[in-house]
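# got a predicted structure here, sequence first:
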Amino acid sequence: MNGGVNGVALTVFIFFFVAVTVMGFLAARWRKAENEASLDEWGLGGRSFGTWITWFLLGGDLYTAYTFVAVPAAIYAAGASGFFAVPYTILVYPLIFTFLPRLWSVSHKHGYVTTSDFVRGRFGSKGLSLAVAITGILATMPYIALQLVGIQAVLDVMGVGGGENTNWFIKDLPLLLAFGVLAAYTYSSGLRAPALIAFVKDGLIYLVIAVAIIYIPIKLGGFEHIFSAAGDKFDAANEAAGKPVAGLAPGSSGTWTYATLALGSALALFMYPHSITATLSSKSRNVIRRNTTILPLYSLMLGLLALLGFMAIAAGIKVQNGQLAIPQLFEDMFPDWFTGVAFAAIGIGALVPAAIMSIAAANLFTRNIYKDFIKPNATPAQETKVSKLVSLLVKVGALAFVLTMDKTVAINFQLLGGIWILQTFPALVGGLFTRWFHRWALLAGWAVGMVYGTLAAYGVASPTQKHFGGSSAEIPGIGQIGYIGMTAFVLNVVVTVVLTFVLKAVKAPDGVDETSPADYTADAGDKGVQVELPKVGAEASGH
């Protein structure tokens, strides 16, 4: 690092930040509804977004500032094992093609705003709905916090805020201002703000990656030199450690870890509340289907982005915090003005998903805790007000999390969040295709998966942490190291299936299913909630 403030880069960064701030507040007038006092309008953008708006919104939602910083940082530190993010984003799109249109249809038909709304309606269980809601909120909080890590990495490299010995308030003031502005326009404009800003964010990211993948290799002498330098570094690291710890290709010893992490991450991605919030904002099920076919363009972008990790090695980037490797690469390689553009892409790449995540977490609290358990007769206006306030509290909580804890802790808690959110898969995706699972069995399976996953992660140590030091551990009965989330998920499914057989055998009371088979294929023309009496049990499912 140069140790000073990069004035040109900072000026460009501030220009784009001010521009998206203005857009965030103006978004309240974009597609303005007659009645804004409803979660459909504030929290889902009126369920009115078409194919390209949804594409940019989902891209801005899933490919975050943390992705921009952490994926190439993982390549920089450990080599090709960090590429697991690329195959998992390829696996996820055929998967969501099968179930997201069904979720959109039933949610449109019944006015569901959250996944917990669907679970409650499908299984007639507020307890299971509450479990899904709490899991979603817990998993989202550290994810929001990691967006701050991305912004902090940029600010650190630009020299903004002073050094480590600077007064904490002065050091963190730029971050406080950034999220203060984020909180204000999210409160004002709801989901419309990140939807509008996502156009700028994704445009900048594609521009920066396109330039970086051509310009930086030319300056470094080509990809042959880049891969050679990375190979030399990893060979030296392996020799010093006395075992394979990194490489240009994943070692055979890491096959199970790589495969289970990719598969588990693919299964978990659209269990996150913010993914579903962006999905339900679409105006038709065909918008969802089209998006599953064009979203893989982001996977291409991600593969190119990951290569920046190797470029940082070849450029001789030396940082104590790996999260600074890519911002420092941009600082060293690009002209100052384009460094500002690249930093703006990362900074705005934090604001968009953070806004969607806070809205999604707030909607879960409002619909599935406040309305279900605190004030069942809450009006749409009251729901909207509560959701706005909770979205502020969620951001404050994430900010406090980052400012008071080490960044490594934030990263590892996000990994723990991935383990947790995967445990909602049987209730959500299973419920979209069958009513066979018993609500109590699903709740028990969820509890087993959560407890096992948490305890297993607690027992993982790292060089910087005694507990929660990673997300991989030995798979019981197999002896291979694998993703804890997948092991917990398998236990979850086994418990759910076995207990469903038992509970059906003893004729335990089943919940009321308020959905019908036609709801899962309904489109935008089929409006309104059905008024027929709900059917019970297996009769209602038709599956």
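That came through fine.

# mind listing what the residue nearest the centre of the chain touches?
The chain has L62 as the residue nearest its centroid, 5.4 Å off, counting by C-alpha atoms, centre = their mean. By C-beta atoms under 8 Å, 6 or more residues apart in numbering, L62 lies in contact with T89, L269, S275, L295, Y298, P353. C-betas here are computed from N, CA, C, even on glycine.

# distance of the second one relative to W446?
When distance is defined by C-beta to C-beta, to the nearest Å, L269 is 18 Å away from W446.

# more neighbours: the two, which one.
W446 (23 against 20; other C-beta atoms under 10 Å).

# contacts for stretch 385-392?
37, 39, 42-43, 183, 186-187, 190, 358-359, 361-363, 365-366, 370, 378.

# list the buried residues in that stretch.
V386, S387, K388, V390, S391 (16 or more other C-beta atoms under 10 Å).

# cool, and stretch 153-161?
A153, V154, L155, D156, V157, M158, G159, V160, G161.

# tell me which helix or strand the second one sits in.
If I follow you right, that is V154. According to DSSP states H and E, V154 maps onto helix 126-158.

# any regions of this protein where pLDDT drops low?
1-3, 33-35, 161-171, 406-408, 525-543 (pLDDT under 70).

# which elements pack onto whichever strand or helix holds G485?
Using DSSP H and E, G485 sits within helix 484-505. Secondary-structure packing of helix 484-505 (3 or more C-beta pairs under 8 Å, 6 or more residues apart in numbering; DSSP states H and E): helix 255-269, helix 407-422, helix 439-458, strand 472-474.

# same list (those) but as JSON lines, adding distance to H110.
Converted to JSON lines, the helices and strands packed on helix 484-505 look like this (distance: least, C-beta to C-beta, whole Å):
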{"stretch": "helix 255-269", "distance to H110": "24"}
{"stretch": "helix 407-422", "distance to H110": "23"}
{"stretch": "helix 439-458", "distance to H110": "18"}
{"stretch": "strand 472-474", "distance to H110": "39"}
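
# check which helix or strand covers the closest residue in space to G251 that isn't next to it in sequence.
The shortest distance from G251 to any non-neighbouring residue, by C-beta to C-beta, 6 or more residues apart in numbering, is to P244 (4.5 Å). If you go by DSSP H and E, P244 is not part of any helix or strand.

# phi, psi for P244 please.
Backbone torsions of P244, given as degrees, to the nearest 10, read phi -70, psi 120.

# contacting residues for the closest residue to E474 other than its chain neighbours?
Closest residue to E474 apart from its sequence neighbours, by C-beta to C-beta, 6+ apart: I481 at 5.9 Å. I481 makes contact with S253, G254, W256, T257, S472, A473, E474, I475 under the criterion C-beta under 8 Å, 6+ apart.

# quick one: which of these is most hemmed in?
S472 (24 neighbours).

# pretty sure P426 sits in a helix.
Yes - according to DSSP: H, G, I helix; E, B strand; the rest coil, P426 belongs to a helix.

# pretty sure it contacts A444?
No - using C-beta atoms under 8 Å, P426 makes no contact with A444, being 10.8 Å away.

# quick check: neighbours shared by these two?
Applying C-beta under 8 Å, 6+ apart, one finds that P426 and A444 are jointly contacted by T496.

# between these two, which has more neighbouring residues?
P426 (21 against 18).

# residue contacts, the nearest residue to that one once chain neighbours are set aside?
Of all residues not flanking P426 in the chain, T496 sits nearest, at 5.3 Å (C-beta to C-beta, 6+ apart). When contacts are counted by C-beta under 8 Å, 6+ apart, T496 touches P426, G430, F437, A441, L442, A444, G445.

# leaving out chain neighbours, which residue sits closest to F17?
Closest to F17 by C-beta to C-beta, 6+ apart is G347, at 6.3 Å.

# so what's the one you found up against?
Counting by C-beta under 8 Å, 6+ apart, G347 has contacts F13, F16, F17, A65, G150, I151, V154, A178.

# can you give me the strands for this structure?
472-474, 481-483, 512-513, 535-536 (DSSP state E).

# make a markdown table from those and add distance to W30 to it.
As requested, the strands of the chain are exported to a markdown table (distance: least, C-beta to C-beta, whole Å):
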| stretch | distance to W30 |
| --- | --- |
| strand 472-474 | 44 |
| strand 481-483 | 40 |
| strand 512-513 | 38 |
| strand 535-536 | 41 |
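
# so which of the ones you listed gets nearest K109?
Taking C-beta to C-beta, strand 512-513 is the member of the strands of the chain nearest to K109, at 13.2 Å.

# what about the closest residue to N412 other than its chain neighbours, neighbour count?
Nearest non-adjacent residue to N412, counting by C-beta to C-beta, 6+ apart: F468, 4.8 Å away. The number of residues packed around F468, counting by other C-beta under 10 Å, is 20.

# next one: T255 from L39, what distance?
For T255 relative to L39 (C-beta to C-beta), the value is 45 Å.

# looking at these two, which has the bigger crowd around it?
L39 (24 against 13).

# so who does that one touch?
L39 touches V113, N363, T366, R367, P380, E383, T384, S387, counting by C-beta under 8 Å, 6+ apart.

# got phi/psi on the first one?
I take that to be V113. Dihedral pair for V113: phi -110, psi -30, per degrees, to the nearest 10.

# identify the residues contacting it.
L39, D40, G43, L44, S107, L280, N363, R367.

# wait, isn't the fourth one in contact with T279?
Read it as L44. No - judged on C-beta under 8 Å, L44 makes no contact with T279 at a distance of 9.6 Å.

# what ranges do the helices span in the stretch 151-300 of the chain?
168-189, 192-220, 223-241, 255-269, 273-280, 285-294, 296-306 (DSSP state H, counting those that start in this stretch).

# which of the contacts of stretch 385-392 are buried? Put it as a PyMOL command.
The PyMOL command for the buried members of the contacts of stretch 385-392 (criterion: 16+ other C-beta under 10 Å) is given here:
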select buried, resi 39+42+43+183+186+187+190+358+359+361+362+363+365+366+370+378
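
# the contacts of stretch 385-392 in helices, which ones?
L39, W42, A183, T186, Y187, S358, I359, A361, A362, N363, F365 (DSSP state H).

# identify the farthest-apart pair in those.
Every pair of the ones in helices among the contacts of stretch 385-392 checked by C-beta to C-beta; the farthest is L39 and A183, at 18.3 Å.

# enumerate every residue touching the closest residue to S107 other than its chain neighbours.
Among residues not flanking S107 along the chain, L280 sits closest, at 5.4 Å (C-beta to C-beta, 6+ apart). Each residue near L280 by C-beta under 8 Å, 6+ apart is listed here: L44, R47, L103, W104, S107, H108, Y112, V113.

# quick one: A355 and R102, what's the gap?
In terms of C-beta to C-beta, A355 sits 27 Å off from R102.

# my bad, A37
With C-beta to C-beta as the criterion, A37 and R102 are 29 Å apart.

# next: L302.
L302 is 27 Å from R102, by C-beta to C-beta.

# so for the two, which sits in the more crowded spot?
Set side by side, L302 and R102 show more neighbours around L302, with 23 against 20, by other C-beta under 10 Å.

# what sits against that one?
L302 touches Y63, T67, V71, A85, V86, T89, counting by C-beta under 8 Å, 6+ apart.

# same question for N291.
Counted by C-beta under 8 Å, 6+ apart, N291 has contacts T51, T54, W55, L58, S282.
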